[in-house]
Structure formats: structure tokens, C-alpha cells
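[1] structure for this input, please:
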Amino acid sequence: MKHKEYKRVMTIAGSDPSGGAGVQADIKTISACGCYATSAIAALVDENTMGVYGVFPVPDAFVAAQIHAILDDIGTDAVKIGMLHSTELIRTVKTALDRYPEITDIVLDPVMVATSGDPLLEEEAVATLRDELIPKSRIITPNIPEAEILLGRSICSQDELPDAAAELSRLGTSVMLKAGHLYDDRLIDILYNAETKETIYLESRRIDTVNTHGTGCTLSSAIASFLAKGNSLNDSVRLAKDYISKAIESGARYKIGKGHGPVDHFHHSCRKEAYI
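    Model prediction:
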């Protein structure tokens with residue numbers, strides 16, 4: 001009997017015990033998008049819908065060991081990278097992935113700023129991310145505060161996003177610049193495809209909801225999943241944008257926790273309201 005093969009996506013990120021972000025959200029997203037999820041956990045996080053209260057880093061060598069254990073056995077078709085908390089860990093992850101040059105579909109969510117606005121990475125770690133890991137990625141998915149850190153300047157309006165995305169691409173990667181931190185009624189994310197030199201406008205309706213926990217994790221994991229399934233970069237981003245928009249819209253109907261709840265990762269499943 002000839003066995004079927006999964007399309008595989010590995011996430012390298014921290015955990016979120018509330019299930020809305022981090023590795024847990026990545027696994028949900030990858031599964032919902034029809035791929036097989038594996039993970040290398042970079043940190044254990046004390047977190048819920050109200051905020052982050054503590055981070056317990058996994059030793060760098062053990063993060064690398066997880067990556068090698070997965071890739072030497074199961075392999076992967078794409079990689080999603082989330083928050084890496086230190087210069088040393090960023091370099092550890094890059095070195096570990098360098099052993100597998102065949103893996104080119106790497107999606108990096110450059111998590112650098114907390115929802116509160118507090119920085120999550122020291123200046124040296126930001127420079128390492130920018131100079132060493134971003135050029136290894138096929139695409140990065142910064143929000144506006146993260147883009148501002150990488151560019152060293154402010155972004156104040158929707159009209160600035162196309163040029164900002166193109167400027168970020170000079171770091172050596174394609175860019176999906178998310179517009180969620182602006183206050184327009186319509187959200188227009190910008191994809192700058194560095195491979196084709198295209199600028200693509202991805203418009204959606206702003207949804208009035210507090211359930212936005214883990215949207216960045218979810219979007220980047222969806223992009224990785226659609227790349228793993230063989231879609232082009234442009235189509236992968238379009239499909240991921242559609243997936244996260246519907247996940248936010250569906251998740252707005254639910255109440256989980258006292259703060260910012262999660263999106264509905266399985267919004268397109270056969271879930272029956274009677275069993276919720």
C-alpha cells in the first residue's frame with residue numbers, strides 16, 4: 001500500500017497556556033489549514049487573555065536539539081518562526097536551520113513589541129534579527145510598531161505603507177506589512193513581493209472585537225501552511241489573509257477569558273453550536 005504524505009509545517013516559538021497565541025495557536029492554524037504541525041518550543045510563557053506575567057526560556061541548546069530531532073526524522077515543507085527572546089537564541093535557530101538548506105519557505109513573525117507597547121527584545125537582539133535571521137526568511141510579517149523599529153522611523157498613515165514595505169524588503173526578504181495599528185475603517189495590508197517586485201494591496205473590513213489575541217501568530221502560520229501546500233507567495237498571503245479575516249470575524253461571537261480572547265482558528269470546521 002502506498003502511503004499518503006502530509007504537508008508539514010514546523011513552528012519555532014514560545015508557548016501560550018491560554019491557547020490563543022504562540023505554539024498553541026500555530027498548531028491550531030497549521031492543522032486548520034490542512035497541514036501536519038510540529039514544534040520546537042523556545043520558551044514557556046506565563047500568560048492568559050489579560051497579559052504576560054513571566055517567561056521561562058528554554059536553553060538554547062535544547063531548542064536546537066528539538067529542531068534537529070524534528071528535521072532529521074519528520075522533515076518539513078515550511079517553517080514559521082515566532083518570538084525569539086535573545087541574540088543567542090536567534091543565532092542558535094539560524095545555525096540549526098542552516099543545516100537544512102533545502103528548507104527555503106521560512107516565515108518570520110518579527111515579534112518585538114508587546115500589546116502594551118513594551119519592547120520584548122533588547123536593541124542588540126533586534127539588530128541580530130534584522131541582520132542575520134530576516135535575510136534567511138522568505139517573508140516577514142511585521143505590524144507597524146515592529147516595522148518602525150526595523151526602519152528606525154515612524155509610520156503614521158496608510159499612504160506610507162507601500163514605501164515602508166518596499167524599504168523593509170531591502171533587508172533581504174519579502175514583506176507583509178500589517179495595517180491593524182492604524183485607525184481607518186478599512187484595513188489595507190501591504191504585501192511587497194521581493195521576488196517579483198510587486199506591491200499587492202490586501203483590503204478587509206475592520207471588525208469591532210477584543211478577540212485579537214494571537215492574530216500575528218495565526219497569520220504567519222497560515223502563510224507557512226499555504227506555502228507548504230505548494231502555493232505561490234502571493235497566493236499564500238492572499239489565502240492567509242482570508243483565513244485570518246474569517247477567524248477574527250467568527251471569533252468575535254465568542255467569550256473566552258476576561259481580556260483579549262482568541263480568534264476562531266477552526267471557523268470553517270463542522271463544529272455544531274449545540275456542542276459549544
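
[2] show the contacting residues for Ile61.
    For residue 61 the amino acid is Ala, not Ile. Contacts here follow CB atoms under 8 Å, 6 or more residues apart in numbering; on that basis Ala61 touches Thr92. Yep, even glycine has a C-beta here, placed from its N, CA and C like the rest.

[3] my bad, Ala247
    Each residue near Ala247 by CB under 8 Å, 6+ apart is listed here: Thr218, Val263, Asp264, His265, His267.

[4] from these, which land in strands?
    Cross-referencing these against strands under DSSP state E gives no overlap.

[5] redo the residues you listed as a markdown table? Include neighbour count.
    Below are the contacts of Ala247 laid out as a markdown table (neighbours: other CB atoms under 10 Å):
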| residue | neighbour count |
| --- | --- |
| Thr218 | 30 |
| Val263 | 31 |
| Asp264 | 21 |
| His265 | 28 |
| His267 | 17 |
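
[6] of these, closest to Gly22?
    Ranked by distance to Gly22 (CB to CB), the contacts of Ala247 are led by Thr218 at 10.5 Å.

[7] all the helices of the stretch 151-276 of the chain, residue numbers only.
    161-168, 215-228, 233-251 (DSSP state H, counting those that start in this stretch).

[8] could you list the low-pLDDT ranges of the stretch 51-200 of the chain?
    The stretch 51-200 of the chain contains residues with pLDDT under 70 at 114-120, 183-185.

[9] try it again with 80
    113-123, 180-186 (pLDDT under 80).

[10] could the helices of the stretch 151-276 of the chain go into TSV alongside distance to Arg99?
    TSV is the format used below for the helices of the stretch 151-276 of the chain (distance: least, CB to CB, whole Å):
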stretch	distance to Arg99
helix 161-168	27
helix 215-228	19
helix 233-251	24
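
[11] and of those, who's closest to Glu203?
    When the helices of the stretch 151-276 of the chain are compared (using CB to CB), the closest one is helix 233-251, at 9.2 Å.

[12] that closest one - what's its average pLDDT?
    The average pLDDT within helix 233-251 is 96.

[13] chain center to that helix: distance?
    Helix 233-251 sits 12 Å away from the centroid of its parent chain (CA atoms, centre = their mean, to the nearest Å).

[14] what residues sit buried inside it?
    Neighbour counts using 16 or more other CB atoms under 10 Å place 233, 236-241, 243-245, 247-251 of helix 233-251 among the buried residues.

[15] same check on stretch 201-215?
    By neighbour count on 16+ other CB under 10 Å, the buried set for stretch 201-215 is Leu202, Ser204, Asn211, Thr212, His213, Gly214, Thr215.

[16] kindly report the same for stretch 98-105.
    Across stretch 98-105, burial judged by 16+ other CB under 10 Å covers Ile103, Asp105.

[17] give me the contacts around it.
    For stretch 98-105, contacts defined as CB under 8 Å, 6+ apart pick out His68, Leu71, Thr76, Asp77, Ala78, Val79, Leu97, Lys136, Arg138, Ala224, Leu227, Ala228.

[18] repeat that for 10 Å
    Residues outside stretch 98-105 that contact it (CB atoms under 10 Å, 6 or more residues apart in numbering) are 9-10, 64, 67-68, 71-72, 75-80, 97, 136-139, 223-224, 226-228, 230, 233, 236.

[19] swap in stretch 191-200?
    So stretch 191-200 is contacted by 138-139, 141, 161-177, 189-190, 201-202, 223, 232-234, 236-238, 241 (CB under 10 Å, 6+ apart).

[20] go with 8 Å
    The contact list for stretch 191-200, computed with CB under 8 Å, 6+ apart, reads 162, 165-166, 168-169, 172-177, 190, 202, 233-234, 237-238.

[21] now stretch 154-162
    Stretch 154-162 is contacted from outside by 144, 147-148, 164, 177, 179, 182, 184, 188-190, 192, 199, 201, using CB under 8 Å, 6+ apart.

[22] of those, keep whichever come out buried.
    Neighbour counting by 16+ other CB under 10 Å classes Ile144, Ala147, Glu148, Ala164, Leu177, Ala179, Leu182, Ile188, Asp189, Ile190, Tyr192, Thr199 among the contacts of stretch 154-162 as buried.

[23] correct me if wrong: the fifth one contacts Leu168.
    Yes. Between Leu177 and Leu168 there is a contact under CB atoms under 8 Å: 6.9 Å.
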